[in-house]
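Trainee: How does the following fold in three dimensions:
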Amino acid sequence: MSKNITVGIKFIPAVHEDEVHNTVDKAIAIIDNWGLKYEVGACNTTVEGELQDILSKVSSLCKEMEKHVGRFAVFLDIDYCRDGISIDDKVEKYR
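Mentor: Sure thing, here's the model as predicted:
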């Protein structure tokens, strides 16, 4: 049985300040096409899905983004719960 986890993805492009938002928007557009539940936050984008699937997609994100920017950092914040966890589980009480 598959279980969902959440992964916060922080994409930091090494670009001029004027280009940061447009470059991050490109990364978010790629994540949008993954078909996974996600939420954009002020400092990262949280996705929900199976661990191996997300890791594979992050690898593809890096390959796609190198077409737009020569250098960037990607930080992953993985919340792995034995029984699974969702974005809603984590933030429902704040909505």
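
Trainee: Show me where this structure has its strands.
Mentor: For the chain, strands defined by DSSP state E occupy the ranges 5-13, 37-40, 45-49, 72-79.

Trainee: Would you reformat these as JSON lines and include mean neighbour count, mean pLDDT and distance to residue 22?
Mentor: Every residue, glycine included, has its C-beta placed from N, CA and C. Compiled in JSON lines, the strands of the chain are given as follows (neighbours: other C-beta atoms under 10 Å; pLDDT from 0 to 100; distance: least, C-beta to C-beta, whole Å):
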{"stretch": "strand 5-13", "mean neighbour count": "19", "mean pLDDT": "98", "distance to residue 22": "9"}
{"stretch": "strand 37-40", "mean neighbour count": "15", "mean pLDDT": "97", "distance to residue 22": "15"}
{"stretch": "strand 45-49", "mean neighbour count": "20", "mean pLDDT": "98", "distance to residue 22": "16"}
{"stretch": "strand 72-79", "mean neighbour count": "13", "mean pLDDT": "98", "distance to residue 22": "13"}
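
Trainee: now those as CSV including distance to residue 29?
Mentor: Putting these into CSV (distance: least, C-beta to C-beta, whole Å) gives the following:
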stretch, distance to residue 29
strand 5-13, 12
strand 37-40, 11
strand 45-49, 11
strand 72-79, 15
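
Trainee: quick one, the helix ranked longest in the chain and strand 72-79 angle?
Mentor: Secondary structure assigned by DSSP state H gives helix 51-65 as the longest helix of the chain. Computed by axes from the mean of the first three to the mean of the last three C-alpha atoms, to 10 degrees, the angle separating helix 51-65 from strand 72-79 equals 170 degrees.

Trainee: residues in contact with helix 51-65?
Mentor: 5, 7, 9, 11, 13, 23, 26-27, 30-31, 34, 36, 47, 72, 74, 76, 78, 80 (C-beta atoms under 8 Å, 6 or more residues apart in numbering).
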